[in-house]
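> Here is a sequence together with a model predicted from it:
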Amino acid sequence: MPKLLLEKAKTLEPRNPNKSTALFGGKSSGILNWNDIAYPHWYKMYKRLVGNYWQADEVNMAGDVKQFSTLTESEREAYLKIIGLLSTLDAPQTRTALLLSLYATDASVQSIMAVIAQQEAVHNESYSYVLSSVVSLDEQNESFQLGRKDPILLKRNENITQQYNNFVEEPTIENILKTLVYTSLLEGMFFYSGFAFFYNLARHNKMVGTSTMISYINRDELEHGRFISELFRATLAENPEYNTSEFIDWVYAHFKESVELENEWSRYVLGDVEGIDLDEMTGYIKYRANKMLRMMGLNEIYTEHVDNPMKWIRAYVDNFDGTKTDFFEQKSRQYTKTSDLNGFDDL
Ligand code: ZN
Ligand code: ZN
């Protein structure tokens, strides 16, 4: 197939219609009326994203500050490594959300991506915020160097790094689809062994401030994953020439490889942490991969892992099944949100 490089969408082009003619490579004026968009139900997604607004310093870290030094050495080490990992996901995602929006010729996608990018920026900030609460500047910097230096982390991030940079260099529909595949993996799977580590601490009443923040991030990532998988399906439907067995095989192969790398990483970083069963973690990773594939309109590839093997985790964060968690409700926040679009039940 010839490589047709996409142009960045025009910012304002009055000769084009307001309602876009295609998500990517189409025409639109740049004027957004949410009541006249190509995929009307995306308005509800936008509202839900905006309704999840939060900021890092809303979370009180006073208890964690006292507790950090009482953690075991393996827990402290895993804590710093996992924050290092999470920062290597949220930073590129801030920019990739922007890049997708620059090539999207649909103003509703541009707006949704702007909200996602803002949330990824808050996630990044929150890692600096939690680390500055518990360790010295030297140790904070060391944790943020891991994404550049830790060989297992570098190996784990190699494919996504390559795909995200391919999109920068060659903005084609194919690279957009492949970037959406890696974005689905990122939002729906890459974060989750890290999240599980913090929830495991919380269920032993340790570092509850950090875990509260992680569950805010987790809630955002679930919404992002939901939108990105919709965007993937819609983009593929609009460009049926890419809906080939070759491309779908590429998706499955990259999901499988990502699961293996995730497994290797989680064993490396969680091996000495008490309370996490590594085989259960492998099952959880496969369960998350299945879930994302299903949302992308594809088939599950791990038929023995259609259910969540880490049941305890559901107390800390919801999944798409609509189970309500009590975890957020225990925490007082500076403001109360009343919009019913903000409810966990809608996830
Ligand atoms: Zn994020
Ligand atoms: Zn995200």
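Sure, I can see it. Ligands and ions are numbered 1, 2, ... in the order given.
> Next, count neighbours for the nearest residue to E274 once chain neighbours are set aside.
Excluding the flanking residues, the one nearest E274 by C-beta to C-beta, 6 or more residues apart in numbering is T72, at 7.3 Å. No exception for glycine: its C-beta is placed from N, CA and C like everyone else's. By other C-beta atoms under 10 Å, 12 other residues sit near T72.
> Return the distance of T72 relative to P171.
The gap separating T72 from P171 is 47 Å, by C-beta to C-beta, to the nearest Å.
> can you give me the helices in the stretch 101-250 of the chain?
107-134, 137-149, 151-169, 173-185, 192-203, 208-238, 245-270 (DSSP state H, counting those that start in this stretch).
> does ligand 1 sit close to the fourth one?
No. With C-beta under 5 Å from the ion as the threshold, helix 173-185 lies outside contact range of ligand 1, at a closest distance of 10.8 Å.
> average pLDDT across that helix?
What helix 173-185 shows for mean pLDDT is 98.
> between it and helix 245-270, how big is the angle?
30 degrees (axes from the mean of the first three to the mean of the last three C-alpha atoms, to 10 degrees).
> how about helix 173-185: buried residues?
Across helix 173-185, burial judged by 16 or more other C-beta atoms under 10 Å covers 173-185.
> Let me know the closest of the residues you listed to ligand 1.
Distance to ligand 1 across the buried residues of helix 173-185 (C-beta to the ion) is lowest for T183, with 10.8 Å.
> these two touch, right, that closest one and I228?
Yes. The pair T183 / I228 is scored as a contact, 4.8 Å apart, by C-beta atoms under 8 Å.
> Residues of this protein that sit close to ligand 2?
E187, E221, H224.
> show me the contacts for the second one.
So the one you mean is E221. E187, G188, F191 (C-beta atoms under 8 Å, 6 or more residues apart in numbering).
> and these as a markdown table, adding neighbour count and distance to ligand 1?
Shown next, in a markdown table, are those (neighbours: other C-beta atoms under 10 Å; distance: C-beta to the ion, whole Å):
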| residue | neighbour count | distance to ligand 1 |
| --- | --- | --- |
| E187 | 25 | 8 |
| G188 | 24 | 12 |
| F191 | 25 | 7 |
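> Let me have those in TSV, extended by distance to W54.
Below are the contacts of E221 laid out as TSV (distance: C-beta to C-beta, whole Å):
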residue	distance to W54
E187	17
G188	20
F191	16
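> And these, which is closest to A62?
F191 (25.7 Å; C-beta to C-beta).
> Chain neighbours aside, what residue packs nearest to L86?
Counting by C-beta to C-beta, 6+ apart, the residue nearest L86 is G194, at 5.4 Å.
> can you pull the contacts of the one you found?
G194 is in contact with I82, L85, L86, I214, counting by C-beta under 8 Å, 6+ apart.
> So which bits of the host helix or strand of the third one are buried?
Assigned by DSSP states H and E, L86 belongs to helix 73-103. By neighbour count on 16+ other C-beta under 10 Å, the buried set for helix 73-103 is 75-76, 78-94, 96-97, 99-101, 103.
> Ok, stretch 34-50 next?
Buried positions in stretch 34-50, judged by neighbour count with 16+ other C-beta under 10 Å: I37, A38, W42, M45, Y46, R48, L49, V50.
> Please settle this for me: is the last one part of a helix?
So that's V50. Yes. Counting by DSSP: H, G, I helix; E, B strand; the rest coil, V50 falls inside a helix.
> isn't it right up against V115?
Yes. With contacts counted by C-beta under 8 Å, V50 reaches V115, the gap being 5.9 Å.
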